[in-house]
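Novice: Pasting the sequence and the predicted model now:
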Amino acid sequence: MPGKRVQFEDETWQAIALLSRDSMKDFQELADAAFADLLKKHRRPVGLKDELRQSLRQAAANDAPSRHAARPATRRPAKRTPLRPGAARRN
């Protein structure tokens, strides 16, 4: 969007300018790649196709449950220790 401004510290701007020269890309190309990576990291869709693709993943009813799905709590029987000779078992 035209008219948007971003401010950087001088050291950051120098590093970006050096990266721009080294990679032979202009600032806009670097910014586009950086923001695309940021949105991907936070699982935010970019555009309608990505949004639809992400909504299908969330609503997939026919998928097998994940390995990390909550399992019902099962109660294990108490561990019984063997009796010593001559000892009586308490209930």
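Specialist: Here it is on my side, so go on.
Novice: Would you mind pulling up the elements that the one helix or strand Ala17 maps to packs against?
Specialist: Taking DSSP states H and E as the criterion, Ala17 maps to helix 10-23. When contacts are defined as 3 or more CB pairs under 8 Å, 6 or more residues apart in numbering; DSSP states H and E, helix 10-23 sits against helix 27-41. Bear in mind the C-beta positions are built from the backbone N, C-alpha and C, glycine included.
Novice: Mind checking the pLDDT average for the helix it packs on?
Specialist: The average pLDDT for helix 27-41 rounds to 93.
Novice: From here on, call the first residue 843.
Specialist: Shifting the count to begin at 843 puts that one at helix 869-883.
Novice: for the helix or strand that that helix is followed by, the distance to its chain's centre please.
Specialist: Moving toward the C-terminus from helix 869-883, the next helix or strand (DSSP H and E) is helix 890-900. Centroid separation for helix 890-900 versus its chain: 16 Å, with CA atoms, centre = their mean, to the nearest Å.
Novice: Residues touching helix 890-900, excluding its own?
Specialist: Applying CB atoms under 8 Å, 6 or more residues apart in numbering, the contact partners of helix 890-900 are 885, 887.
Novice: Format the CA atom coordinates belonging to it as PDB.
Specialist: What follows is helix 890-900 as a C-alpha-only set of coordinates in PDB (Å, rounded to 0.1, in the frame of the first residue of the first chain):
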ATOM      1  CA  LEU A 890      -8.100 -16.300  -0.300                       C
ATOM      2  CA  LYS A 891      -6.400 -19.600  -1.400                       C
ATOM      3  CA  ASP A 892      -4.300 -19.800   1.700                       C
ATOM      4  CA  GLU A 893      -7.300 -19.000   3.900                       C
ATOM      5  CA  LEU A 894      -9.500 -21.700   2.300                       C
ATOM      6  CA  ARG A 895      -6.700 -24.300   2.500                       C
ATOM      7  CA  GLN A 896      -6.200 -23.500   6.100                       C
ATOM      8  CA  SER A 897      -9.900 -23.700   6.900                       C
ATOM      9  CA  LEU A 898     -10.000 -27.200   5.200                       C
ATOM     10  CA  ARG A 899      -7.200 -28.400   7.500                       C
ATOM     11  CA  GLN A 900      -9.000 -27.300  10.600                       C
END
